[in-house]
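Student: Return a 3D structure for these sequence lines:
(one chain, ligands or ions: 2)
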Amino acid sequence: MVNIIVAGPRGKMGSEALRLIERTENYELVGCIDRKHDGMNINDLENLPNLDARIYAEPQQAFQELKADVLIDLTSPEVGYLHTRLALENGVRPVVGTSGFTSEQLDEIQQLTEQKELGAVIAPNFAVGAVLMMQFAKWAAKYFPDVEIIEKHHDQKLDAPSGTAVKTAQLIEEVRSSKIQGHPEEKETLPGARGANEDGMRIHSVRLPGLIAHQEVIFGGTGQGLTIKHDSYHRQSFMSGVKLAVDEVQNINMFVYGLENLLE
Ligand SMILES: NC(=O)C1=CN([C@@H]2O[C@H](COP(=O)(O)OP(=O)(O)OC[C@H]3O[C@@H](n4cnc5c(N)ncnc54)[C@H](OP(=O)(O)O)[C@@H]3O)[C@@H](O)[C@H]2O)C=CC1
Ligand SMILES: O=C(O)C1=N[C@H](C(=O)O)C[C@H](O)C1
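Tutor: Ligands and ions are numbered 1, 2, ... in the order given. Below you'll find the predicted structure:
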């Protein structure tokens, strides 16, 4: 049995993670971290699976009182970082989907994971199709160094650019020499028109109601173009990746950043 704590259980992703736990035979929800409803039970809340687990507003109390193997964190960048640290400090292996961590925070989590000799998985995107999109983009960038990323998300998203777009740019940087794109003398007549600049790559963030999570990586070459595109139409698209991470995090004693490192 895998004993799991979910942080952010009322959220769009957290509630989907509860449904994953409910339908997985060897998973047990032992508690949740939620700043509201302290002391209540998940089965007291409407529209959530009928799971019997106490809610803790104070994360430290949850980690001390519960016998947990894995934390699934799907919250917001500041609190997600805190939960991840607390999990490791209390011997619990984190599986983190929360996006927006800084590279310094990722380094610190890596160090803590190694110091505690535990496993930890942080995945900017748990959808297998998105992982493939990022890998294909890395491959294409070897031959097409001029690239722009357009990520599109629902309008409740807090961080921009998305974790997926940042990770895509990082993967491309591994195979592409630093490059300034566009005309060297180009000027923005409206600030932000050319998007964020990551090593010369432009990242554009679209936020609209109705969207879930979508990304296009657009390459341009002489007389040709290539677009690699992924769409998540439902948050269930992320759950097979969350499951893979929960299953694998128990077998590793290292920090993993990106689901591609767990896929065969
Ligand atoms: N890696 C991946 O594949 C994916 C990652 N994500 C990421 O997962 C995270 C959650 O996304 P999503 O479910 O859409 O977001 P939601 O806003 O729907 O859910 C976030 C949850 O976290 C809680 N929360 C937020 N801030 C705090 C805080 N300071 N203290 C305590 N609880 C807090 C919210 O509670 P409250 O209602 O009280 O604010 C809410 O229950 C985001 O970072 C998103 O980018 C999303 C999809 C896929
Ligand atoms: O907030 C979201 O919804 C998503 N966040 C992740 C990100 O920032 O890349 C993953 C996915 O794009 C959905």
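
Student: Could you check how far Gln115 is from Arg85?
Tutor: If you measure Gln115 against Arg85 using C-beta to C-beta, to the nearest Å, the figure is 11 Å. Glycine gets a C-beta too; all of them are placed from N, C-alpha and C.

Student: between those two, who's got more neighbours?
Tutor: Between Gln115 and Arg85, counted using other C-beta atoms under 10 Å, Arg85 has the larger neighbour count: 16 against 10.

Student: wait, what's in contact with that one?
Tutor: Glu108, Ile109, Leu112 (C-beta atoms under 8 Å, 6 or more residues apart in numbering).

Student: same thing but at 7 Å, please
Tutor: Taking C-beta atoms under 7 Å, 6 or more residues apart in numbering, we find Arg85 in contact with Ile109, Leu112.

Student: so Thr84 sits in a helix?
Tutor: Yes. The assignment for Thr84 is a helix, going by DSSP: H, G, I helix; E, B strand; the rest coil.

Student: Would you agree it is in contact with Val92?
Tutor: No. Using C-beta atoms under 7 Å, Thr84 makes no contact with Val92, being 9.7 Å away.

Student: Please say which of those two ends up with more neighbours.
Tutor: With neighbours defined as other C-beta under 10 Å, Thr84 and Val92 compare such that Thr84 has more, 28 against 24.

Student: check which helix or strand covers Glu78.
Tutor: Following DSSP states H and E, the helix or strand that holds Glu78 is helix 77-89.

Student: gap between stretch 101-113 and the chain center?
Tutor: Stretch 101-113 sits 14 Å away from the centroid of its parent chain (C-alpha atoms, centre = their mean, to the nearest Å).

Student: and Ala165, which of the three is it?
Tutor: helix.

Student: can you check Cys32 too?
Tutor: For Cys32, the assignment made with three-state DSSP gives strand.

Student: what sits against the nearest residue to it once chain neighbours are set aside?
Tutor: Nearest residue to Cys32, sequence neighbours excluded (C-beta to C-beta, 6 or more residues apart in numbering): Pro9, at 4.2 Å. Contacts for Pro9 (C-beta under 7 Å, 6+ apart) come out as Ser15, Leu18, Cys32, Asp34, Ile42, Leu48.

Student: follow-up on the earlier one: list the buried residues of the helix holding Glu78.
Tutor: For helix 77-89, a neighbour-count test (16 or more other C-beta atoms under 10 Å) marks Pro77, Val79, Gly80, Tyr81, His83, Thr84, Arg85, Leu86, Ala87, Leu88 as buried.

Student: swap in stretch 131-145?
Tutor: Under 16+ other C-beta under 10 Å, the buried positions of stretch 131-145 are Val131, Met133, Met134, Gln135, Ala137, Lys138, Ala140, Ala141, Phe144, Pro145.

Student: can you tell me which of the residues you listed are in helices?
Tutor: Among those, the ones falling in helices (DSSP state H) are Val131, Met133, Met134, Gln135, Ala137, Lys138, Ala140, Ala141.

Student: Could you work out the most separated pair of those?
Tutor: Among those, the pair separated by the greatest distance (C-beta to C-beta) is Val131 and Ala141, at 16.0 Å.

Student: And Gly225, which helix or strand is it part of?
Tutor: In the assignment (DSSP H and E), Gly225 maps to strand 224-232.
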